[in-house]
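> Model the structure of this input:
(one chain, ligands or ions: 1)
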Amino acid sequence: MRGRFTLLEETDSTNAYLLERSAAASFHGSVCLAEAQAHGRGRRGRQWIATPYHNVLLSMGWRFASGPGIVAGLSLAAGVALVRALEEYGVPGAGLKWPNDVLWEDKKLAGVLVDVHGEATGPSLIVLGVGVNGYIGSHDAAQIDQPWTDLHTVTGKPVDRNRLAALILRELRHMFEVFADKGLAAFRDAWQRRHQYHGRRVRLLAGSREIIGTVEGIDDHGALLLRDARGVQAFHSGEISLRRVA
Ligand code: BTN
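Prediction:
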């Protein structure tokens, strides 16, 4: 089933655009792309900075029969879909950082933001947003508060955003279909193979807690498994950073 396809010169946020239309019959499979966002949103309440006309900013809407509990796993599966699309585009070697940052040589290249509406028992309406750094101008770069890179730097060439967006949309659609049938299990190995921090000592900031441990992988729901002196614990949210060995 093909949903509505919208290409906007500017919008607040492509995720917000689709969320506002989540009750429409055309929601399932719908896509919104924008050249610029006035209030692009990142994870953990961050702003998503993107120089207009140079980046890939898109969202896809999907309706699942199950409840919003699927979101954590889905957002990890989306990271795998995004890395696969980048590989098809000609950028091998991008990695993942839990839960779904796409990294190139430890710098952020792309991110995934999942919004959900729904009842605990289902159905749930998912809006999955993807931002890929194509080219970030110096004015915008000054506002980004984490190590980042862009495709222009990685490939040394102008970015073919149409081709990349088409590959991402194809991978996302396929990911949604497989996830609806098999869940995160179908993506878990692929995710772990690409996790840049697998087996490494990390610091996890989860609210006011700080946990230091070694990454053992993810569980069936997408929670991060960390081993410390007390054993292996699962964490459902938080931000990890590498813990350098002194
Ligand atoms: C992250 O913080 O890593 C997630 C970034 C997600 C950004 C994309 S850009 C298109 C879509 N619309 C938004 O407002 N955010 C997502």
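
> Mean confidence (pLDDT) on the top strand by length along the chain, please.
Using DSSP state E to define each element, the chain has its longest strand at strand 107-118. The average pLDDT within strand 107-118 is 96.

> For it, buried residues please.
108, 109, 110, 111, 112, 113, 114, 115, 116, 118 (16 or more other Cβ atoms under 10 Å). (Each C-beta comes from the backbone N, C-alpha and C, glycine too.)

> Just give the closest residue to the first one, not the sequence neighbours.
Which is residue 108. Closest residue to residue 108 apart from its sequence neighbours, by Cβ to Cβ, 6 or more residues apart in numbering: residue 148 at 4.6 Å.

> Assign a three-state SS to residue 157, would you?
coil (DSSP: H, G, I helix; E, B strand; the rest coil).

> who's the residue in the chain that the ligand sits nearest to bridged to?
Residue nearest to the ligand within the chain: residue 111 (2.0 Å; Cβ to the nearest ligand atom). As for beta bridges, residue 111 partners with residue 131 under DSSP bridges.

> Check the gap between it and residue 41 for me.
Going from residue 111 to residue 41 by Cβ to Cβ, to the nearest Å gives 10 Å.

> hmm, who's touching the helix or strand of the chain with the lowest mean pLDDT?
Every helix and strand in the chain was compared by mean pLDDT, DSSP states H and E; the lowest is strand 239-242, with a mean of 87. Applying Cβ atoms under 8 Å, 6 or more residues apart in numbering, the contact partners of strand 239-242 are 44, 97-98, 197, 200-206, 215, 224.

> for stretch 224-235, same thing?
Here stretch 224-235 has contacts from 98-99, 202, 204, 206, 211-219, 223, 238, 240, using Cβ under 8 Å, 6+ apart.

> related to what we said a few turns ago, what count of nearby residues applies to the residue nearest to residue 108?
18 (other Cβ atoms under 10 Å).

> dump the residue contacts of it.
So residue 148 contacts 107, 108, 109, 133, 136, 141 (Cβ under 8 Å, 6+ apart).

> of all those, which two lie farthest apart?
For these, the farthest-apart pair by Cβ to Cβ is 109 and 141; their separation is 13.8 Å.

> what's the residue nearest to the spatial centre of the chain in contact with, if anything?
Compute the mean C-alpha point of the chain, and by Cα atoms, centre = their mean the closest residue is residue 112, 2.0 Å away. Residue 112 makes contact with 43, 75, 78, 79, 82, 100, 102, 128, 129, 130, according to Cβ under 8 Å, 6+ apart.

> go on, residue 211?
Counted by Cβ under 8 Å, 6+ apart, residue 211 has contacts 203, 204, 226, 228, 233, 235.

> Most neighbours out of those residues, which is it?
Neighbour counts for the contacts of residue 211 peak at residue 226, which has 24 neighbours (criterion: other Cβ under 10 Å).

> Can you classify it as helix, strand or coil?
strand.
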